[in-house]
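*Asks:* Give me the fold of what follows.
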Amino acid sequence: MKHWQGLMATAEGTGISEPLSLQVNLLGELLGHAIREVVGKASFEQVEKLRTLCKAVYLEDNPQHWQQVAAEIGKLKPEEILWLLRAFTTFFHLVNKAEQREIVRINRERERRSTAAQPRTESLAEAVHFLKQSGYTRDEVLAMLARLDIQPTLTAHPTEARRRAILVKQRSLAHLLEQLQQSDLTPAERDAIISAIYEKICLLLVSDEFRSEKISVADEVQHGLHFLTNAIWETVPRMYRDLRAALAACYQVEVDLPAVLRYRSWIGGDRDGNPFVTPEVTQNTLALLRAAVIKLYTKELRALREELSLSSRLLEVPAPLLQSLHADRQRIKLPEKILQLYHSEPFRLKLSYMLARLEKLLAQPAEFNHALLSPAEYDAQQFWADLTLIQDSLRAVRLGGNDRLEDLLARVKTFGFH
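*Replies:* Reported below is the predicted structural model:
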């Protein structure tokens, strides 16, 4: 690991905020270092010379500078132009990530300054507050929410052709930039974060941004899944949390919200003349989507099982939960080790039965066929019923309001088993 202690990028008066200027300049310095180390000093000097000339063109609007830029580019060999393009493309991607982090920072700052009477601009809280100020009653707002049916649709858009490998690195970079904004970092922690950012920049610099071969429908499906299983999966419960909090602040009501948001996808299923989208491709797409969301559900159930260690020795187990466990025992065989481990922890035992049913679905053949849709199988409605049973049982023992469970319920009402 390289050591970056003492590396202090400074903010410049460029018309942007100081935090954004600091991050952009830091990323620029690290990119310059990466070009020197990975590509070579000569390439770095070419990039810097052209960057300086282009900056002069922007600041001074002098036609002579344009001529100098053209002359410098005209001297370059094809392979030198390639690295020049890669350097500037990488820089623009880095700036884009810094700008996205800046939007988050500004919204967080606005959120800290907001109050119940003056919610953050462009937030769900502001929308609900507006309805309250406009005279809408609680029941009218809840009825309005019940009628909402928002369905964003994913498409295989040709302008978004970046490889998943690049998207994953850029996503990791965004998380590192977020960590770097923490005010209580030790010098060693800051050094480690900058080192990780530098490694990501080096990898971006030498990774193909686009595939050399034409992508298949299966590639497009995986590309869509990248967004569904990452940014969208993480954002959906936050949206429901914000909406619940807004209703509580304005109308003093805690409600189980209806499903106002569902995602759709044309990828792998549209019939717009693409000869490669066959019935078999659509079946496989549905199977992939189903498997992806069930894998995420199993991860959440395991995390819930870690949390819900309620003991039947200390609490009276609600009767509906006991009845459900009795029914599960008739249908599902769990390993004896699990039964012994959780014999006095009914919530963990219930979650283990649910996990077993989901894992059985994942063990089905990859093809999406009628067997997967059989009423005898575990479906989204049964999964939802089991989760709400756990929620009701927690409330019965005065331990309601589990955030992880609330988030999982929000995801199930949004995604189902698709």
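*Asks:* where does the stretch 201-350 of the chain dip in pLDDT?
*Replies:* Applying pLDDT under 70 to the stretch 201-350 of the chain picks out residues 211-212.
*Asks:* in it, which spans are strands?
*Replies:* 264-265 (DSSP state E, counting those that start in this stretch).
*Asks:* what about the helices in it?
*Replies:* 217-227, 233-251, 279-307, 319-331, 336-341, 346-362 (DSSP state H, counting those that start in this stretch).
*Asks:* So for E122, which of those sits nearest?
*Replies:* helix 233-251 (11.8 Å; Cβ to Cβ). Quick note: C-beta positions are derived from backbone N, CA and C, even for glycine.
*Asks:* So for that closest one, what gets flagged as buried?
*Replies:* Going by neighbour count (16 or more other Cβ atoms under 10 Å), the buried part of helix 233-251 is 233, 236-237, 239-244, 246-247, 249-251.
*Asks:* Over to stretch 61-75?
*Replies:* H65, Q68, V69.
*Asks:* a markdown table for the residues you listed, including secondary structure?
*Replies:* A markdown table is the format used below for the buried residues of stretch 61-75 (DSSP: H, G, I helix; E, B strand; the rest coil):
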| residue | secondary structure |
| --- | --- |
| H65 | helix |
| Q68 | helix |
| V69 | helix |
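*Asks:* got the residues you listed as CSV, with pLDDT and distance to T186 columns?
*Replies:* Shown next, in CSV, are the buried residues of stretch 61-75 (pLDDT from 0 to 100; distance: Cβ to Cβ, whole Å):
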residue, pLDDT, distance to T186
H65, 78, 44
Q68, 85, 45
V69, 84, 43
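*Asks:* Among these, which one lies nearest to N402?
*Replies:* Of the buried residues of stretch 61-75, the one sitting nearest to N402 (Cβ to Cβ) turns out to be V69, at 59.9 Å.
*Asks:* Of the helices of the stretch 201-350 of the chain, which is nearest K169?
*Replies:* helix 217-227 (12.1 Å).
*Asks:* So F347 is in contact with L389, correct?
*Replies:* No - under the criterion of Cβ atoms under 8 Å, F347 makes no contact with L389, lying 10.2 Å away.
*Asks:* Identify the contacts common to those two.
*Replies:* The contact sets of F347 and L389 overlap at L321 (Cβ atoms under 8 Å, 6 or more residues apart in numbering).
*Asks:* the more surrounded of those two?
*Replies:* F347 (25 against 17; other Cβ atoms under 10 Å).
*Asks:* The more buried one - nearest residue in space that isn't next to it in sequence?
*Replies:* What sits nearest to F347 in space, not counting adjacent residues and going by Cβ to Cβ, 6 or more residues apart in numbering, is L308, at 3.9 Å.
*Asks:* what about the one you found, distance to Y353?
*Replies:* 13 Å (Cβ to Cβ, to the nearest Å).
*Asks:* Now do the shared contacts for these two.
*Replies:* Going by Cβ under 8 Å, 6+ apart, no residue sits against L308 while also sitting against Y353.
*Asks:* looking at the helices of the stretch 201-350 of the chain, which is closest to D272?
*Replies:* Among the helices of the stretch 201-350 of the chain, the nearest to D272 by Cβ to Cβ is helix 217-227 (12.1 Å).
*Asks:* quick check: angle from the closest one to helix 279-307?
*Replies:* Calculated by axes from the mean of the first three to the mean of the last three Cα atoms, to 10 degrees, helix 217-227 forms an angle of 30 degrees with helix 279-307.
*Asks:* Name the residues of helix 217-227 that come out as buried.
*Replies:* Buried-residue list, helix 217-227, by 16+ other Cβ under 10 Å: V217, D219, E220, V221, H223, G224, L225, H226, F227.
*Asks:* residue contacts, R404?
*Replies:* With Cβ under 8 Å, 6+ apart, R404 has these contacts: E300, A303, L304, E307.
*Asks:* between those residues, which has the most around it?
*Replies:* Most crowded among the contacts of R404, counting by other Cβ under 10 Å, is L304 at 21 neighbours.
*Asks:* What separation do you get for it and R348?
*Replies:* 9 Å.
*Asks:* before we move on, what about V69?
*Replies:* 66 Å.
*Asks:* now do V217
*Replies:* 41 Å.
*Asks:* now the helices for the stretch 51-200 of the chain?
*Replies:* Under DSSP H, counting those that start in this stretch, the stretch 51-200 of the chain gives helices at 63-74, 78-113, 124-133, 138-147, 164-180, 187-205.
*Asks:* between those helices, which gets nearest to I338?
*Replies:* Closest among these, using Cβ to Cβ: helix 164-180, at 34.1 Å.
*Asks:* which other helices and strands contact that closest one?
*Replies:* helix 78-113, helix 187-205, helix 217-227 (3 or more Cβ pairs under 8 Å, 6 or more residues apart in numbering; DSSP states H and E).
*Asks:* related to what we said a few turns ago, out of the buried residues of helix 233-251, which comes closest to L361?
*Replies:* W233 (18.4 Å).
*Asks:* Now that closest one: closest residue in space, sequence neighbours ignored.
*Replies:* Closest to W233 by Cβ to Cβ, 6+ apart is L296, at 6.3 Å.
*Asks:* right, and that neighbour touches I232 too?
*Replies:* No - using Cβ under 8 Å, L296 is not in contact with I232; the gap is 11.0 Å.
*Asks:* which one of the two has more residues nearby?
*Replies:* Comparing L296 with I232 by neighbour count (other Cβ under 10 Å), the higher total belongs to I232, at 19 against 16.
*Asks:* Distance of the residue in the chain sticking out farthest from the centre relative to L76?
*Replies:* Here the centre of the chain is the reference, and by Cα atoms, centre = their mean the most remote residue is Q64, at 46.6 Å. Distance of Q64 to L76, given as Cβ to Cβ: 20 Å.
*Asks:* Same question for D392.
*Replies:* From D392 to L76 the distance is 69 Å (Cβ to Cβ).
*Asks:* Now do the same contact list for the residue nearest to F347.
*Replies:* E345, F347, R348, L351, I390, L394, N402 are the contacts of L308 under Cβ under 8 Å, 6+ apart.
*Asks:* so where's the stretch 51-200 of the chain shaky on pLDDT?
*Replies:* 157-162.
*Asks:* Which pLDDT value goes with Q5?
*Replies:* Looking at Q5, its pLDDT stands at 54.
*Asks:* Let the chain start at 51 from now.
*Replies:* New numbering, starting at 51: the last item is Q55.
*Asks:* which residue packs closest to L275, ignoring adjacent ones?
*Replies:* L275 sits nearest to A342 (Cβ to Cβ, 6+ apart), 5.4 Å away.
*Asks:* This completes my enquiry, with thanks.
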